[in-house]
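Chemist: no FASTA, just this:
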């Protein structure tokens, strides 16, 4: 970056800094309302947060990444509700003219007398069923978001917990956990996930179909119609399959960090005080080794999105009529390159989401690493001092 | 003789060195030490690095499990304690560690660090914050330090915070594991005086571990000298410095630099020769014999016992043992 070379550049607060300050302040105000006096007691922590934001604000790739993932999350959350059409609107059945329409087209339906009955706008074109591609991508974003969130929320804690236990207790516990981890790591993740994802749906489907609550819950999760409940099973099995292959690297990384962190004297001091083992693990060891894992998580969300799309592309994820990005590409592949939009647009969506998470991850690595942050902190502090 | 607070009997700690498939060898860090610590006294423990001082200290408060031997605290074997009893022992026996830069969790504020000690032992006070601030004032810190993080403090300040964490639960016995070796000389004196004052005030019993002979002399009532996992000499502090008996002790004491050159020339010198051998495979007989200037025939064959040569003055050396 050029900014680090230009030493005379003033580090007075930029618009983004003011914005992030406001963000931090409003969060602390919120906590203050729940726990009075909290901000008074955690001044150092709050300053640290603000500095982290300053460091973040000075990284253009980070800002681009942030914009990308914020849009990804917003689209994932609200996309299905603002989509012009439902993924179940097979316009082709009634209006054959909507078959594989290119992007930006308007299809005008006239009756026999020549009167205009209906006008359809398809900004990104349609697929072979006459479904609006833009709507499909909006629905697909929801599936990608949910899958990546569930995988990270369930898979990563399992990996972290096993790594903590293996690293801290050592000995036979360590041997057993790490050998199992090795077995999982020895298989290529995608192949293993394919194996799981092709076996699991048969087991999961009856459970979902029989349970009214699960049907409702997942139909909200995937923004899908309850009538498609049977099709939730393959997506859920893709989630499970990815979780099953996702935890081992975390176990390994955490174990390694625990091995070095547990030699710190504050762990010994806590033991001498009689602090319980679980408290030592979660209060003294985990917070001190979590930052590299946070970076890995953000980078990994992109990989999860990619893997989910890959499995779907192989026909293991969403089944007709449900869609996700991989499924749209899979369906569109047979018309490529003539009907390019069916592949290019969902591919682009996947690309941008993964890129966003990767940029954020790379920037977080710098922001969370005290060594790289230090210089930025210093300059910001100096800028602040000059301001006064 | 009063009943000792801590009684150590033939304590051993071997650390395994793992090979690819099986344990290759053992580091004999502590290899059969016995001594007693009386209520209210300070026992100094000196020796070169790697002689097992710190391991002994950690065994005494059960941060490590021994390979063999016993430690009795108030008459109870600490390695048999469980549950509530162990917790009560943890409250009574504390440690202050060497490196204050690593002994405070960098992610916790000072309040959280000290409060944890109170919470673990369920110590109820009317106003926790006031109570902790009171203690911080006693070590020269202020209220505004309460919610800061360890990295905002100097080494000396951190060590004082660590002292408060250990002493706020009112222990009886404290292991001081080189508490000043990571600090500037000027700060060292402050910390040592502070520790002495707390000892008087709270009637504490100290095990003071150090390689700095001057500091040990200043702090201790009695001093034990360790060499390669064994105690070679144990005597009241003044007597040890005036009349060291074991050749190793003499060697150690003559290695103290003396600021007055004339006095230094007059003083008899025992040259320090060689390096301490590996504790994996200590020499047979007396462990010091390869470096000893006064070696006898028996020294490499049989291990000398620790015997009382004069009143309260124990030494493990064949020069003084009448077989």
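Modeler: It's in. Only a predicted model underlies this, so the values are computations on that prediction, with no experimental measurement involved. Residues are numbered from 1 along each chain as shown, chains lettered A, B, ... in the order given.

Chemist: any residue of stretch A:177-195 touching chain B?
Modeler: No: using Cβ under 8 Å from any Cβ of the partner chain, stretch A:177-195 never reaches chain B; the gap is at least 14.8 Å. All C-beta spots, glycine's among them, are computed from the backbone N, C-alpha and C.

Chemist: mind checking the end-to-end distance for that stretch?
Modeler: End-to-end distance for stretch A:177-195: 22 Å, by Cα to Cα, to the nearest Å.

Chemist: buried stuff in it?
Modeler: A:177-178, A:181, A:184-185, A:189-190, A:192-194 (16 or more other Cβ atoms under 10 Å in any protein chain shown).

Chemist: residues in contact with the residue nearest to residue B:68 when sequence neighbours are not counted?
Modeler: Nearest non-adjacent residue to residue B:68, counting by Cβ to Cβ, 6 or more residues apart in numbering or on different chains: residue B:12, 4.3 Å away. Applying Cβ atoms under 8 Å, 6 or more residues apart in numbering or on different chains, we find residue B:12 in contact with B:28, B:30-32, B:66-69.

Chemist: closest one of the buried residues of stretch A:177-195 to chain B?
Modeler: Closest approach between the buried residues of stretch A:177-195 and chain B, by Cβ to the nearest Cβ: residue A:178, at 14.8 Å.

Chemist: show the pLDDT at the closest one.
Modeler: Per-residue pLDDT puts residue A:178 at 95.

Chemist: same question, the one 3 residues further on
Modeler: Per-residue confidence at residue A:181 stands at 94 (pLDDT).

Chemist: what's the helix or strand for it?
Modeler: Residue A:181 is part of helix A:171-186, with elements assigned from DSSP states H and E.

Chemist: name the helices or strands packed onto that helix?
Modeler: helix A:156-169, helix A:232-261 (3 or more Cβ pairs under 8 Å, 6 or more residues apart in numbering or on different chains; DSSP states H and E).

Chemist: who's in contact with the first one?
Modeler: Right, helix A:156-169. Residues outside helix A:156-169 that contact it (Cβ under 8 Å, 6+ apart) are A:173-174, A:177-178, A:181, A:243, A:246-259, A:262, A:277, A:280-281, A:285-286, A:293, A:297, A:300.

Chemist: just the buried ones from the residues you listed?
Modeler: Buried among the contacts of helix A:156-169 by 16+ other Cβ under 10 Å: A:174, A:177-178, A:181, A:243, A:246-255, A:257-258, A:262, A:280-281, A:285-286, A:293, A:297, A:300.

Chemist: around chain B, which positions in chain A sit nearby?
Modeler: For chain A, the contact set with chain B under Cβ under 8 Å from any Cβ comprises A:40-45, A:264-266, A:268-275, A:283-284, A:287-288.

Chemist: in helices, which of those fall?
Modeler: Judged by DSSP state H, the residues of chain A next to chain B include A:40-41, A:43-45, A:265-266, A:268-273, A:287-288 as members of helices.

Chemist: is it true that residue B:40 touches residue B:202?
Modeler: No: contact between residue B:40 and residue B:202 fails when scored by Cβ atoms under 8 Å: they sit 10.4 Å apart.

Chemist: could you report the neighbour count for the residue nearest to residue B:170 when sequence neighbours are not counted?
Modeler: Leaving aside its chain neighbours, residue B:170 sits nearest to residue B:202 (6.5 Å; criterion: Cβ to Cβ, 6+ apart). Residues near residue B:202, counting by other Cβ atoms under 10 Å in any protein chain shown, number 12.

Chemist: so the closest residue to residue B:302 other than its chain neighbours, which of the three states?
Modeler: Excluding its sequence neighbours, the residue lying closest to residue B:302 (Cβ to Cβ, 6+ apart) is residue B:285, at 5.6 Å. Here residue B:285 is recorded as coil under DSSP: H, G, I helix; E, B strand; the rest coil.

Chemist: kindly report the residues of chain B close to chain A.
Modeler: So far as Cβ under 8 Å from any Cβ goes, chain B lies against chain A at B:58, B:61, B:63, B:86-87, B:90-91, B:94-95, B:97-99, B:102-109, B:111, B:116-117, B:120-121, B:146-149, B:152, B:162, B:165-166, B:169.

Chemist: 7 Å - rerun?
Modeler: B:61, B:63, B:87, B:90, B:94-95, B:97, B:99, B:102-107, B:109, B:116-117, B:120, B:147-149, B:152 (Cβ under 7 Å from any Cβ of the partner chain).

Chemist: those in strands, which ones?
Modeler: B:94-95 (DSSP state E).

Chemist: what residues are up against the closest residue in space to residue B:123 that isn't next to it in sequence?
Modeler: Closest residue to residue B:123 apart from its sequence neighbours, by Cβ to Cβ, 6+ apart: residue B:169 at 6.3 Å. Residue B:169 sits next to B:91, B:117, B:121, B:123 when contact means Cβ atoms under 7 Å, 6 or more residues apart in numbering or on different chains.

Chemist: can you pick the most crowded of those?
Modeler: residue B:117 (24 neighbours).

Chemist: and the pLDDT at that one?
Modeler: Reading off the model, residue B:117 has pLDDT 93.

Chemist: hang on, it packs against residue A:273?
Modeler: Yes: assessed by Cβ atoms under 7 Å, residue B:117 is found in contact with residue A:273 at 5.3 Å.

Chemist: if I look at residue A:202, how far off is chain B?
Modeler: Distance, residue A:202 to chain B, using Cβ to the nearest Cβ, to the nearest Å: 44 Å.

Chemist: that residue: neighbour count?
Modeler: By the criterion of other Cβ under 10 Å, residue A:202 has 11 neighbours.

Chemist: what strand or helix carries it?
Modeler: Using DSSP H and E, the element containing residue A:202 is helix A:189-210.

Chemist: now that helix: mean pLDDT?
Modeler: Summarised as a single mean, pLDDT over helix A:189-210 is 89.

Chemist: what element comes up after that helix heading to the C-terminus?
Modeler: helix A:212-221.

Chemist: list the buried residues of that next one.
Modeler: Under 16+ other Cβ under 10 Å, the buried positions of helix A:212-221 are A:214-215, A:218-219, A:221.

Chemist: show me the shaky parts of the chain.
Modeler: You didn't pick a chain, so chain A it is. A:1-13, A:370-388 (pLDDT under 70).

Chemist: wrong chain, I was asking about chain B
Modeler: Low-confidence segments of chain B (pLDDT under 70): B:1, B:267-270, B:272, B:322-323.

Chemist: need the longest strand for it.
Modeler: In chain B, ranked by residue count with DSSP E as the criterion, the top strand is strand B:23-37.

Chemist: chain center to the following helix or strand past it, what's the gap?
Modeler: Remark: after strand B:23-37, the chain's next helix or strand is strand B:42-46, criterion DSSP H and E. On the basis of Cα atoms, centre = their mean, to the nearest Å, strand B:42-46 sits 6 Å off its chain's mean C-alpha point.

Chemist: strand B:42-46: partners in the sheet, and parallel or antiparallel?
Modeler: strand B:205-210 (parallel), strand B:222-227 (parallel) (DSSP bridges).

Chemist: could those go into CSV alongside mean neighbour count and distance to residue B:299?
Modeler: Shown next, in CSV, are the strands paired with strand B:42-46 (neighbours: other Cβ atoms under 10 Å in any protein chain shown; distance: least, Cβ to Cβ, whole Å):
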stretch, mean neighbour count, distance to residue B:299
strand B:205-210, 26, 27
strand B:222-227, 25, 13
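
Chemist: of all these, which lies closest to residue B:22?
Modeler: Residue B:22 lies closest to strand B:222-227 among these, at 29.9 Å (Cβ to Cβ).

Chemist: and for the closest one, what are the contacting residues?
Modeler: For strand B:222-227, contacts defined as Cβ under 7 Å, 6+ apart pick out B:35, B:41, B:43-47, B:51-53, B:216, B:231-237, B:240, B:246, B:248-249, B:252, B:287-288.

Chemist: also stretch B:239-249?
Modeler: Applying Cβ under 7 Å, 6+ apart, the contact partners of stretch B:239-249 are B:217, B:223, B:225, B:227, B:232-233, B:250, B:253, B:270, B:288, B:292-294, B:309, B:313, B:315, B:317, B:320.

Chemist: kindly report the same for stretch A:250-257.
Modeler: A:156, A:159-160, A:162-164, A:166-167, A:177-178, A:181, A:289, A:292-293, A:296.
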